[in-house]
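[1] Quick one, fold the following:
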Amino acid sequence: MPAAQSAAFQHDQPQVSNDLYSRKPFAEQLASLLVLPPKSPGVVIGIEGPWGSGKTTVVRYIVESLKTAADGAPIVVEFNPWMLAGADALVEALLTELASGIGMDAGKKRAKKSLEAAGKILGYAGLLRHLKYLKYVPGVSLVGVAAGTVGNALHDASKLATKAGEGVDNAKKVVEEAEKLVSIKAGLSERKREVIKALAKLDRSIVVIVDDLDRLTPDEIKAVFRTIKAVADFPRVAYLLAYDRNVVSESLGGGPVAGGNAYIEKIVQVAYPISPAFPWQLQSHISGELASLLKRIHRELEPFESELLGRAGHHADVQPLSVSAGYREAHESPHA
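    Model prediction:
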């Protein structure tokens with residue numbers, strides 16, 4: 001495809017080379033909040049906005065700020081749950097990604113501690129993997145086991161089996177089989193304690209970033225929230241979630257937004273909405289894009305066209321657009 005034609009196509013990738021809408025200062029402030037001091041409990045922070053509001057751009061600035069921090073740079077783990085198939089894979093995938101991020105960060109001074117922490121997390125994930133088939137037992141869930149609610153789950157299993165007409169004897173068999181499976185609950189709790197101890201020895205703040213949460217199915221969104229809340233709720237680990245609140249609320253609430261909002265507020269301690277761009281920023285961006293287009297097609301605006309653009313700027317209560325000037329500057333640039 002000729003270069004002149006391919007240049008006309010636009011993409012939706014975040015633009016971080018030039019901060020057109022002044023997102024970077026906000027991102028840098030938020031990045032500083034994500035770096036937790038020693039002995040801090042974990043935290044979940046959200047950045048909210050509809051599609052196209054700049055969430056991913058803010059995330060990229062946050063990652064850049066975290067990775068270039070002069071002192072106390074945290075371990076940054078970017079988790080992309082929408083690349084996985086199904087809610088069942090999310091628990092193990094999140095823990096594996098966390099272990100990988102810690103292991104890859106191992107420098108000479110902390111290699112042993114980093115690898116130990118990564119190994120403990122993988123061991124925890126491995127034990128959870130063996131519990132996956134608990135989902136075939138009515139009323140017993142992987143997250144329920146990890147959260148320590150097995151007793152309630154078994155009670156529910158009995159009720160479900162009885163209601164299904166299986167009879168009390170069969171219900172008891174279901175519970176007995178479930179009890180055999182969850183007899184390793186104590187081992188699971190111990191594995192989690194080992195992870196927490198290893199992370200304390202590592203003495204590093206960890207930031208886990210989950211972007212595009214709203215791309216997931218309702219079941220997958222719930223799985224991510226439950227995993228963060230019950231399975232991977234480690235001290236000094238900050239989760240940053242980027243999502244469209246309306247989409248996620250509807251998914252979590254099964255329809256009504258109010259129920260979903262209450263669910264979000266149980267998981268996310270602090271949520272920051274992405275502020276919309278100012279009109280003058282949008283007009284400036286449009287002006288620059290039009291100037292670039294005019295340069296590519298070797299055309300300058302007619303006087304009446306410039307006048308129309310100027311009126312558009314006045315109606316928007318911003319500085320009048322100056323595409324012709326922008327075109328001339330670009331056209332006369334020694335690099336043009």
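
[2] what helix or strand does residue 103 sit in?
    Per DSSP states H and E, residue 103 falls inside helix 88-104.

[3] what mean pLDDT would you report for that helix?
    Averaged across helix 88-104, the pLDDT comes to 89.

[4] which is the next helix or strand following it?
    For helix 88-104, the following helix or strand on the C-terminal side (DSSP H and E) is helix 111-130.

[5] Run the angle between that following helix and helix 88-104 for me.
    170 degrees (axes from the mean of the first three to the mean of the last three C-alpha atoms, to 10 degrees).

[6] by contact count, what packs against helix 111-130?
    helix 88-104, helix 185-202 (3 or more C-beta pairs under 8 Å, 6 or more residues apart in numbering; DSSP states H and E). C-betas here are computed from N, CA, C, even on glycine.

[7] ok so, going back, could you list the buried residues of the helix holding residue 103?
    Buried residues in helix 88-104, defined by neighbour count with 16 or more other C-beta atoms under 10 Å: 89-99, 101-103.

[8] Including distance to residue 272, could these go into TSV?
    Putting those into TSV (distance: C-beta to C-beta, whole Å) gives the following:
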residue	distance to residue 272
89	29
90	24
91	27
92	30
93	26
94	22
95	27
96	29
97	24
98	23
99	29
101	24
102	27
103	31
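
[9] Looking at those residues, spot the one nearest residue 43.
    Distance to residue 43 across the buried residues of helix 88-104 (C-beta to C-beta) is lowest for residue 98, with 15.4 Å.

[10] residue contacts, that closest one?
    77, 79, 121, 206, 208, 232, 237 (C-beta atoms under 8 Å, 6 or more residues apart in numbering).

[11] again, 7 Å this time
    With C-beta atoms under 7 Å, 6 or more residues apart in numbering as the criterion, the residues that contact residue 98 are 77, 121, 208, 232.

[12] out of the residues you listed, what pair is the most spread apart?
    121 and 208 (11.9 Å).

[13] Show me which of those two is the more surrounded one.
    The residue with more neighbours, out of residue 121 and residue 208, is residue 121; 28 against 24, by other C-beta atoms under 10 Å.

[14] wouldn't residue 263 be in contact with residue 252 here?
    Yes - at 4.2 Å, residue 263 counts as touching residue 252 under the criterion of C-beta atoms under 7 Å.

[15] Identify each buried residue in stretch 30-46, please.
    30, 31, 34, 35, 36, 42, 43, 44, 45, 46.

[16] same deal with stretch 62-71?
    In stretch 62-71, counting by 16+ other C-beta under 10 Å, buried: 62, 63, 64, 65, 66, 69.

[17] just stretch 192-204 next, same as before
    Across stretch 192-204, burial judged by 16+ other C-beta under 10 Å covers 192, 194, 195, 196, 198, 199, 202, 204.

[18] swap in stretch 211-224?
    For stretch 211-224, using 16+ other C-beta under 10 Å, the buried residues are 211, 212, 213, 214, 215, 216, 218, 220, 221, 222, 223, 224.

[19] and the first one, what pLDDT?
    Right, residue 211. Listed pLDDT for residue 211 reads 91.

[20] For the closest residue to it other than its chain neighbours, give me phi and psi.
    Spatial nearest neighbour of residue 211, excluding adjacent residues (C-beta to C-beta, 6 or more residues apart in numbering): residue 242 at 4.5 Å. Note on residue 242: its backbone torsions stand at phi -110, psi 130 [degrees, to the nearest 10].
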